[in-house]
Each structure stands twice: as C-alpha cells, then as structure tokens.
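*Asks:* quick one: sequence plus predicted model below, questions after.
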Amino acid sequence: MKRVLFALLVLVIASAFGVQQQKPQPGNLKAAMTRGKTVYEATCLACHQPDGLGVQNMNPPLVKTKWVLGDKKALIKIVLKGLQGGEIEIDGDKFHNPMPPQESTLSDQEIADVLTYIRNSFGNKASLVSMGEVKAVRAKLK
Amino acid sequence: MKKVLILACSVVFAAAAFGSDTTRVKSSSTGIVKKDEAPITLPQGFKSVVIATDLGRARHLTVAANGDVFVKLEKLKEGKGILRLHDKNGDGKADEITGWGNYIGTGIAIKNGYLYASSDENVYRYKIDEKTGKVDTASVEKIVTGLVSQNQHSSKSIALDNSGNIYVNIGAPSNCCQVQDRVKGSPGQDPCPILEKAGGIWQFKADKANQSYAEGVRYATGLRNVVGLDWNTEVNELYCMQHGRDMLFQFFPELFNQKEGAENPAEEMFRLTKGADCGWPYCYYDNDKQQKLMTPEYGGDRKKADRCADKTKSVAQFPGHLAPNGLLFYTGSQFPAKYKNGAFIAFHGSWNRSPEPQAGFFVVFMPFKNGMPNGKWEVFADGFSQIPKGATEGRAKYRPCGLAQGPDGSLYVSDDTNGTIWKVNYSK
C-alpha cells in the first residue's frame, strides 16, 4: 500500500511538474500578447475586424471557432499559406474572401505572437504558440 | 365512420391542393411580428412598420399588385430560398409566410406575369397571378444558366426593361484583378482576363430558356461588383451601383493615409448604355481628387488618369466602402413630388473602413431630373445599425439590403442580418 501511495505521489508531482513546464510564464504571455496585438493591428484587423468577429459572408470570425482554438499546426499553415476563400464554414455560413499567405511577410516570431494573441483575445482562451512550432511547420511545408 | 373518413380525406386533399403553389414555412412563429422592433428614423411625415422579422438573410425583394411581398434569401430557411409574405387579416403585417425554391440567391423581380429569381449561377422564372399573389412553382423555367460564381461577389442582381430583356450583374471574383488576389505588392493583370465572363452586366432575353454567355450580350463592363441595379422607366435606361475596391490604405500607405483609405475609392452610380466601360480594375474614382484615376496596382500614383480619361463617367459618387446593395427609382405618387423618379439607395454598411469607424447602414435618397442627379443626396432612413456614432467597434443590428415599391407607392426595405422587412409610408 505504501509503495502504491509513493508511486502515486511521484506521479502527481511529476505531472504537476510537467504541467508547470508546459505552462507559459505569465511574463511571456504578456509580452507575446503585446507583440501579437501590434502584428494583428497591422496585418489582420482590416479583414478580421477590431473585435475579431470578421465580416459576414466574407472574412471568418476568429472567436470561439475550432479553426483558431483547435489544431495549432493547421492554424499555422493557414497563416503561412493562406486560403483561396470558401474553405471555412462555420454553422452553415461560408466565408468567401481569400486569405493572403504570410510566409514572406511575417517571421516565425511574429506568427507565433499573433496566434498567441488571437487564441487569447476576444473571449478566446487557449495555449500559446511558440516560435519553434511555427518554424517546424514552415520547414515541413517547404 | 365512412363519413368521417371521407371528410378527413377531402381535408387532406384540399390542404395538399392548397399547398401546391408554395409550401407553408413550418413553425407558426416564423417571421411573424410579435412586437414592433426599434423604429428606424425617417424624414417628417414618413412612418415605418415592421411587416416581418427573423426571415434570415433577406436580400432583394419585390411586391406583387395585390401587396404580397416576395423575398429572396441568401441562406435557406427551412429548406426554402424564396418567401412569400401575405397579410391575410389586413393589419399591415405579414401573417402567412410560405416559401419554395431550394436555392440561395439575391435577385428577385416581377414583370409581365412572371416572377424572376436568381441563384448565384442561374436565373429562374415562375408564372405569377399578381391579383392573388399565387405563384405556379411547377411552371419554373431556367432562363439563364452557367454564370461565373467563384466565392467573392457571386450574387446575381436582376433588372428588367420594357423591351423583353433581363439584365444580370456578374461580379468579378476578385478585389482588383491582381496576379495574386488581395496580396500586397502583387501587380494587376493587364489585360484583366476576368472581364471576359464577369465584372460587368449581361443582357439576356427575358423569355428564352437556358441562355448562357453565348446567347447573352455583355452590356456593360469594367464593374467590379454590382448589387444595386434598376431600370429607370422615365428615361428607359439601366442604372447600377458599383462596390469599389478594398485595401487602398493597407496596400498603399505611401499614397493613402488611414482616413483616405476609408474614404476611397468612391462607391459609384453609373447610367449605362450598351458598350459602357466603367474602368475596373484599371481605374478607380478618387473622392479627394474628384477624378477617375489609374489604380495603383496598374501604376497609378493618385495623379495619372491616362487610359481612365475616356472611361464611362459615374453620375454620382459616395464615400468609400458603404456597400450600396439596393437601388430603386421611385415611380409612385404616395411620397411628396420631389421623390418622383428619384433614386433610393440601400447601403449595406462598410467593413473596410476599419480602424476608422464603420459607416453606411442607411437608405439614401438622391433627387433626379431627366435621368440625372439633381441636387445632393440625403440620408432617408437611418438607425439600422444601432452602433453609437464614432465607435470603432460594434456589430450592426440590421443591414439594409433590398428595396421595393408597393402598388400603393409605399417603400419596402429588407435587412439581411436578421431578415427584417420595413414598409415605409407617407401621410401629410
């Protein structure tokens, strides 16, 4: 019994430690959000709007949608490669404007920051996107 | 028992026969007004009544001689793409809403005993008895087919003349015909290949089935996207409202500051004759310079006119990005004399003015004389968006889209956010 308890304790501590490691430092998040906001305003706001809700029929909302909150790799790919328009469908509504690719205009850091920003703004709450994650997707798509 | 059975059967048959023209939209509450919505603001002497709500994406609309209102939907409502609003008890509001047509679209019009409606690829027509508002849905004919529909600007607006022709807008699936659409720095294609099959107004016969590009005439070209389109019966000519291009500030901050990007290019009204070339994508109308100039993607610097000098000139210009979605020349006698033969324009409201405050979301009146604007335009109906003035955020509650005139000279306005329909009347 003691052994089991000990093992359990180790597991709990280990998992807590693991979470701790994955969890961003509050300072990191704040800095990434500040940088991400600048990128958003310069590159994304015109279409996705100041409130992230997009434009009916044209530019999709970034709020509480699987496209933003789900698979990070897929999200990074959209930013790097863009979209033709018409691919995104949310609750039966399609969005028809193309999304311009950003692979030659934004750096890995800028993409990580802006994605962290949109995943934690407009009522969204999701994990950070790191520069390494963007770098990996960019390398894979080359 | 036998008697009951026969009775039951005949009731069922009668119901089926009655429902043969249109199918009743299921839920009894659909579209029927329970309480008056916040009223829109109008000039003195005008009053509005909300005749229906919650119809969904209500785009253009038309009114039959008996007062029934027909609405084209951009998203199916309970499987229906066209709705008929009927006022059974005569209280001025729709209390019987039926529908048919399993395709989405924007255009709808009644002419010479037919109701015409468009999907984003085709134009259909149905026989209508305007005295009763009854539509024979089985009489459906596909008049026009196979039109370009590629995501952007895919809606087809329609207008009919008095010589048996129908005019259909085919919007360009592009912002500015760049090599890479909406990519900063990508040059304009020259010549723009899109203009062969889109970016203009095509003319077809109103009574001939299955026409496509080979049977039609490219009546006017160089129009990026048109949603508001109407035939002016006073001078017998076609007029349209063009949606100007987006992203001037974002793509050319060295030429347009944030405010100039919000105000440019103009949304333009054109009076069209056959063969008109309104200039898109090579030219745009600069609201600050009050001139048609070369588009920056084609080498424009806000000074050069070059090949834009001989393009068809617009007869009126409006602030940038307001999105004129409805155009109606008023021919009724109910409104005061100044409105006769003038133009009502429904502005859907902007998005590409951000981060400047959005604008539009109103119905404008422009006085006309002999088919030309006669005086400055004025806001006729406002208060649709309910966004506080000057706010840079906020979502419009209602967005005006379609306009129609009733047999008694009243004006109808549709909203494609919630599907609200207003009827505007005048009394001294």
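*Replies:* Structure's in. What do you need?

*Asks:* what ranges do the helices span in the chain?
*Replies:* In the absence of a named chain, chain A is used. A:2-22, A:26-39, A:45-48, A:66-69, A:72-81, A:108-119, A:131-141 (DSSP state H).

*Asks:* that answer is for a different chain, and I need it for chain B
*Replies:* Using DSSP H, helices in chain B cover B:2-18, B:248-251, B:258-263.

*Asks:* the residue in chain B positioned nearest to chain A and residue B:99, how far apart?
*Replies:* As assessed by CB to the nearest CB, chain A sits closest to residue B:151 within chain B, at 3.9 Å. C-beta here means a position set from N, CA and C on the backbone, and glycine is covered the same way. Separation of residue B:151 from residue B:99 (CB to CB, to the nearest Å) stands at 26 Å.

*Asks:* out of these two, which sits in the busier spot?
*Replies:* Between residue B:151 and residue B:99, counted using other CB atoms under 10 Å in any protein chain shown, the more crowded position is residue B:99 (27 against 20).

*Asks:* what about the closest residue to that one other than its chain neighbours, how many residues close to it?
*Replies:* Distances taken as CB to CB, 6 or more residues apart in numbering or on different chains place residue B:80 nearest to residue B:99, at 3.0 Å, with adjacent residues excluded. Neighbour count for residue B:80, taken as other CB under 10 Å: 22.

*Asks:* right, and residue B:80 touches residue B:102 too?
*Replies:* Yes. Using CB atoms under 8 Å, residue B:80 is in contact with residue B:102, at 7.2 Å.

*Asks:* re the thing from before, which of the helices of chain B comes out lowest on mean pLDDT?
*Replies:* Note on these: lowest mean pLDDT is at helix B:2-18, with a mean of 42.

*Asks:* surely residue B:159 and residue B:110 touch.
*Replies:* No. Taking CB under 8 Å as the contact criterion, residue B:159 and residue B:110 are not neighbours in contact, 11.8 Å apart.

*Asks:* are stretch A:120-139 and chain B in contact anywhere?
*Replies:* No. Under the criterion of CB under 8 Å from any CB of the partner chain, stretch A:120-139 makes no contact with chain B; the nearest approach is 10.6 Å.

*Asks:* what residues does that stretch touch?
*Replies:* A:22, A:24, A:28-29, A:32-33, A:37, A:40, A:51-53, A:62-64, A:68-69, A:72-73, A:75-77, A:80, A:103, A:108-109, A:111-112, A:115-116, A:118-119 (CB atoms under 8 Å, 6 or more residues apart in numbering or on different chains).

*Asks:* rerun that using 6 Å as the cut-off
*Replies:* A:24, A:52, A:63, A:69, A:72-73, A:76-77, A:108-109, A:111-112, A:115-116, A:119 (CB atoms under 6 Å, 6 or more residues apart in numbering or on different chains).

*Asks:* ditto for stretch B:166-175
*Replies:* With CB under 6 Å, 6+ apart, stretch B:166-175 has contacts from B:147-148, B:150-153, B:156-160, B:181-182, B:194, B:198-199, B:201-204, B:206, B:224-226, B:229, B:238, B:245-246.

*Asks:* what sits closest to residue B:298 if chain neighbours are left out?
*Replies:* Among residues not flanking residue B:298 along the chain, residue B:188 sits closest, at 4.5 Å (CB to CB, 6+ apart).

*Asks:* circling back: per-residue pLDDT, the residue nearest to residue B:99?
*Replies:* For residue B:80, pLDDT reads 97.

*Asks:* same check on residue B:311?
*Replies:* Residue B:311 carries a pLDDT score of 98 in this model.

*Asks:* ok, it - contacts?
*Replies:* Contacts for residue B:311 (CB under 6 Å, 6+ apart) come out as B:277, B:279, B:283, B:292.

*Asks:* now with 8 Å?
*Replies:* Listed by CB under 8 Å, 6+ apart, the contact set of residue B:311 reads B:222, B:277, B:278, B:279, B:283, B:292.

*Asks:* check residue B:144 too.
*Replies:* Contacts of residue B:144 (CB under 8 Å, 6+ apart): B:122, B:123, B:166, B:168, B:204, B:211, B:212, B:216.

*Asks:* of those, just the buried ones, ChimeraX syntax please.
*Replies:* Buried members of the contacts of residue B:144, defined by 16 or more other CB atoms under 10 Å in any protein chain shown, are picked up in ChimeraX with:
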select /B:122,123,166,168,204,211,216
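
*Asks:* mind putting the helices of chain A into CSV with mean neighbour count, mean pLDDT and distance to residue B:54?
*Replies:* Shown next, in CSV, are the helices of chain A (neighbours: other CB atoms under 10 Å in any protein chain shown; pLDDT from 0 to 100; distance: least, CB to CB, whole Å):
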stretch, mean neighbour count, mean pLDDT, distance to residue B:54
helix A:2-22, 9, 49, 46
helix A:26-39, 15, 91, 37
helix A:45-48, 21, 96, 27
helix A:66-69, 16, 96, 27
helix A:72-81, 18, 97, 33
helix A:108-119, 23, 97, 31
helix A:131-141, 15, 96, 43
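
*Asks:* now for residue B:90, how many residues are close by?
*Replies:* 8.

*Asks:* who are the neighbours in contact with residue 141?
*Replies:* Reading this off chain A. Counting by CB under 8 Å, 6+ apart, residue A:141 makes contact with A:77, A:80, A:81, A:103.

*Asks:* not what I meant, chain B
*Replies:* Contacts for residue B:141 (CB under 8 Å, 6+ apart) come out as B:124, B:125, B:126, B:209.

*Asks:* need the max-distance pair from the residues you listed.
*Replies:* Using CB to CB, the pair of the contacts of residue B:141 lying farthest apart is B:126 and B:209, separated by 13.1 Å.

*Asks:* what about these two, which has more around it?
*Replies:* The neighbour comparison of residue B:126 against residue B:209 (other CB under 10 Å) goes to residue B:126, with 23 against 12.

*Asks:* I'd say the more buried one and residue B:135 touch.
*Replies:* Yes. Here residue B:126 lies in contact with residue B:135, judged by CB under 8 Å, at a distance of 5.1 Å.

*Asks:* what touches both of the two?
*Replies:* With CB under 8 Å, 6+ apart as the test, residue B:126 and residue B:135 both reach residue B:115.

*Asks:* can you give me the neighbour number for the nearest residue to residue B:322 once chain neighbours are set aside?
*Replies:* Beyond its immediate neighbours in the sequence, the residue positioned closest to residue B:322 (CB to CB, 6+ apart) is residue B:360, lying 3.6 Å away. Using other CB under 10 Å, the number of residues around residue B:360 comes to 26.

*Asks:* for residue B:360, give me its contacts.
*Replies:* Going by CB under 8 Å, 6+ apart, residue B:360 touches B:321, B:322, B:323, B:347, B:348, B:349, B:350.

*Asks:* how many neighbours does the second one have?
*Replies:* So the one you mean is residue B:322. By the criterion of other CB under 10 Å, residue B:322 has 24 neighbours.

*Asks:* mind listing the strands for the stretch 151-300 of chain B?
*Replies:* B:158-160, B:165-170, B:200-205, B:217-221, B:226-232, B:237-242, B:267-272, B:276-277, B:283-286, B:291-294 (DSSP state E, counting those that start in this stretch).

*Asks:* let's have the ones you listed in a markdown table, adding mean pLDDT and distance to residue B:370.
*Replies:* A markdown table is the format used below for the strands of the stretch 151-300 of chain B (pLDDT from 0 to 100; distance: least, CB to CB, whole Å):
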| stretch | mean pLDDT | distance to residue B:370 |
| --- | --- | --- |
| strand B:158-160 | 98 | 20 |
| strand B:165-170 | 98 | 21 |
| strand B:200-205 | 98 | 22 |
| strand B:217-221 | 98 | 21 |
| strand B:226-232 | 98 | 10 |
| strand B:237-242 | 98 | 11 |
| strand B:267-272 | 98 | 11 |
| strand B:276-277 | 98 | 19 |
| strand B:283-286 | 98 | 23 |
| strand B:291-294 | 98 | 23 |
